[in-house]
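Novice: Give me a model of this one.
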Amino acid sequence: MQDWSEVVTRTLMAVAVLFLIAKILGKRQVSQLSVFEYITGITIGNLAATIPMERESTWYLGFIALAVWVLTTFVIEILQIKSKKIRDFTDGKTTTLIKDGKILEDNMRKERLTIDELMEQLRSKNVFKVSDVEFAIMETSGAINVLLTKDKQAVTLKDLNMLQLPEKEPTAIIMDGQVMKQQMAYMGITQQWLDAKLKEKSLTVKDVFFAQVDPQGELYIDQYSDNVQLSKVEDSNQAVLTLLQQCTTELQKLATNSSEQQRKQLYELCSHNLKEAIQEMQPVNSSNS
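Specialist: Prediction:
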């Protein structure tokens, strides 16, 4: 086998193995990483990268190394689930950085965190005053979570002694011009209700690219782009016809109120010509609708 084809084959094998490893180790490996998970990611990546370019005949030993590392990681994760002491040893513990509006300098030095970095993390959470912070805790992943003082927290319905009804997610009832009957039944929506809502907007199901109903019964409709353009053309034609009809009415009023015969004839002539123009436009408008 030629060198380039062997490298391609090994690379594809490494990609497949890495994908399998990610599935085995779970979503934790693609979330914010703890110290141990960070080390695991780097090591597995380095091992997988060396396999395609290994020139020795024992290149397959790289896969064995990967398997051993993955097995070790899997065992440690199982032990972490069963023992907090092991979690604390491998991932470390959370660290309180601010308590009751007071920065804990010793803990910041322990985490080698500067005041600029702390303030940057607070600002990223829309907190600009340290005195507004009840607690700020650095997680084992390095993220900093903040609890504001009670007077700075957002008011909830519970604070106002108001009953909060359970929420439901908005549900799609039309996709690609097709009615989703199962979703309609879940939301308690009938076909008659949907037809009535569409009729209010002069639409049919085939005109709708996407439609969604929220728990309050509000219907959101997104039309196909070509239908939207057609609707705009129809609206434009109707607006022109309406304007011309208004002009005809005004000319008729002027002709009726005019005392000069010559002006009266001119108004009547213009009104007659506009009526003919409107009649010529009517078939075009009908065909567009």
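Novice: Relative to residue 197, how far out is residue 175?
Specialist: 16 Å (CB to CB, to the nearest Å). C-beta: built from backbone N, CA, C; applies to glycine.
Novice: Which positions within stretch 197-209 qualify as buried?
Specialist: Neighbour counts over stretch 197-209 (16 or more other CB atoms under 10 Å) mark 197-198, 203, 207-209 as buried.
Novice: which residues of the protein fall in strands?
Specialist: 95-99, 102-103, 133-138, 144-148, 171-175, 178-179, 208-213, 219-223 (DSSP state E).
Novice: The first one - what's its average pLDDT?
Specialist: Which is strand 95-99. The average pLDDT within strand 95-99 is 91.
Novice: Mind listing residues that contact it?
Specialist: Outside strand 95-99, the residues within contact range by CB atoms under 8 Å, 6 or more residues apart in numbering are 103-104, 107-108, 110-111, 113, 118, 130, 133-138, 144, 146.
Novice: how about the buried residues of stretch 197-209 in JSON lines, adding pLDDT and distance to residue 84?
Specialist: Listed next are the buried residues of stretch 197-209 as JSON lines, based on pLDDT from 0 to 100; distance: CB to CB, whole Å:
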{"residue": "197", "pLDDT": "89", "distance to residue 84": "55"}
{"residue": "198", "pLDDT": "90", "distance to residue 84": "58"}
{"residue": "203", "pLDDT": "87", "distance to residue 84": "59"}
{"residue": "207", "pLDDT": "87", "distance to residue 84": "59"}
{"residue": "208", "pLDDT": "90", "distance to residue 84": "54"}
{"residue": "209", "pLDDT": "89", "distance to residue 84": "52"}
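Novice: In TSV, list those residues along with distance to residue 82.
Specialist: Formatted as TSV, the buried residues of stretch 197-209 follow (distance: CB to CB, whole Å):
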residue	distance to residue 82
197	55
198	57
203	58
207	58
208	53
209	51
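Novice: returning to what we had before: please identify which of the strands of the chain is closest to residue 69.
Specialist: Nearest to residue 69 among the strands of the chain is strand 133-138 (28.0 Å), distances taken as CB to CB.
Novice: what lines up beside the closest one in the sheet?
Specialist: If you go by DSSP bridges, strand 133-138 pairs up with strand 95-99 (antiparallel), strand 144-148 (antiparallel).
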